[in-house]
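Peer 1: the sequence and its predicted three-dimensional model are supplied below.
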Amino acid sequence: MAESCCSAKSTELERIARQADQRRVLVTVLAINAAMFVLEFGAGVVAGSAALMADAADMLGDALVYAVSLYALARSDRWKAGAAMFKGVFILALGIGIAINVAVKIRSGVPPSSTLMLVFGGLALAANLVCFRLLWRFRAQDVNMASTFECSRNDLINNVGVLIAAGLVIVFASPWPDLLIGSAMAALFLRSSWRVIAQAAPQLRTTDPASPSPRT
């Protein structure tokens, strides 16, 4: 009996330790994304880049996603599934917003500043590589952390897209590379939102709403 009790305590302590690690990582990546949103969105407005502003909006979305993940971290499976569903819906709204911004930019026809795109796109890529590395070991922890990792992975793809768009703007002196990359980002967000929602929906239906939240 004593051995069983010690084993149960050890399991609980390991679970709490994992949650503490997750909390520290989520706080760190939240701060990185919030700071990068301010820097990158300002640069996107000055540069007139749809891709840079889309990437910055994604940074803001991620900061909110990480905040929701922190809130759901020590709660029940239903709470975690609900947090993942919220993130899926938010990503969907973000994708629609980016698509609208691209449509507005098409009417102006003015090429963005490729220099600002390269500088701040590169800075965002470096920041997101740090976030991706921090989140890597939690990618299969649960539906909450899996959806968080999905957002981080999308960020890297978006950052590379911004840098490609900047290079093509230099080569062709045209706004179309920026607009096409912005459109591709919108499509990526819409696809990702479907994946997150499809993963969270079954868990929301099957988990017991009356089940107690785990203690931390």
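Peer 2: Perfect, thanks for sending it.
Peer 1: could you point out which element follows the host helix or strand of residue 135?
Peer 2: According to DSSP states H and E, residue 135 maps onto helix 114-135. Heading C-terminal from helix 114-135, the first helix or strand you meet, by DSSP H and E, is helix 143-172.
Peer 1: just give me how far that next one sits from the chain centre.
Peer 2: 10 Å (Cα atoms, centre = their mean, to the nearest Å).
Peer 1: do the same with stretch 181-200
Peer 2: Distance, stretch centre to chain centre, for stretch 181-200: 11 Å (Cα atoms, centre = their mean).
Peer 1: which helices and strands sit right next to the helix holding residue 135?
Peer 2: On a contact count with 3 or more Cβ pairs under 8 Å, 6 or more residues apart in numbering; DSSP states H and E, helix 114-135 meets helix 2-47, helix 50-72, helix 143-172. C-beta here means a position set from N, CA and C on the backbone, and glycine is covered the same way.
Peer 1: got a list of contacts for that helix?
Peer 2: 25, 28-29, 32-33, 36, 39-40, 43-44, 46-47, 49, 51-52, 55-56, 59, 62, 145, 148-149, 152-153, 155-156, 159-160, 162-163, 165-167, 169-170, 178 (Cβ atoms under 8 Å, 6 or more residues apart in numbering).
Peer 1: buried subset of these?
Peer 2: 25, 29, 32-33, 36, 40, 43-44, 47, 49, 51-52, 55-56, 59, 62, 145, 148-149, 152-153, 155, 159, 162-163, 165-166, 169, 178 (16 or more other Cβ atoms under 10 Å).
Peer 1: any weak-confidence spans in the chain?
Peer 2: 1-19, 72-76, 139-148, 207-216 (pLDDT under 70).
Peer 1: contacting residues for the spatially most central residue of the chain?
Peer 2: Centroid-nearest residue in the chain: residue 151, 2.9 Å away (criterion: Cα atoms, centre = their mean). By Cβ under 8 Å, 6+ apart, residue 151 lies in contact with 61-62, 65, 87, 91, 192.
Peer 1: adding distance to residue 124, write these out as CSV.
Peer 2: Converted to CSV, these look like this (distance: Cβ to Cβ, whole Å):
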residue, distance to residue 124
61, 13
62, 11
65, 16
87, 20
91, 18
192, 18
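Peer 1: buried residues in stretch 78-89, which are they?
Peer 2: 78-88.
Peer 1: return the distance of it from the chain's centre.
Peer 2: 14 Å.
Peer 1: just the C-alphas of it, formatted as PDB.
Peer 2: This file holds the C-alpha atoms of stretch 78-89, laid out as PDB (Å, rounded to 0.1, in the frame of the first residue of the first chain):
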ATOM      1  CA  ARG A  78     -13.200  19.600 -21.700                       C
ATOM      2  CA  TRP A  79     -11.700  23.000 -20.900                       C
ATOM      3  CA  LYS A  80      -8.600  22.200 -22.900                       C
ATOM      4  CA  ALA A  81     -10.800  21.100 -25.800                       C
ATOM      5  CA  GLY A  82     -12.800  24.300 -25.500                       C
ATOM      6  CA  ALA A  83      -9.600  26.400 -25.500                       C
ATOM      7  CA  ALA A  84      -8.500  24.500 -28.700                       C
ATOM      8  CA  MET A  85     -11.900  25.200 -30.300                       C
ATOM      9  CA  PHE A  86     -11.600  28.900 -29.500                       C
ATOM     10  CA  LYS A  87      -8.100  29.000 -31.000                       C
ATOM     11  CA  GLY A  88      -9.500  27.300 -34.200                       C
ATOM     12  CA  VAL A  89     -12.300  29.800 -34.500                       C
END
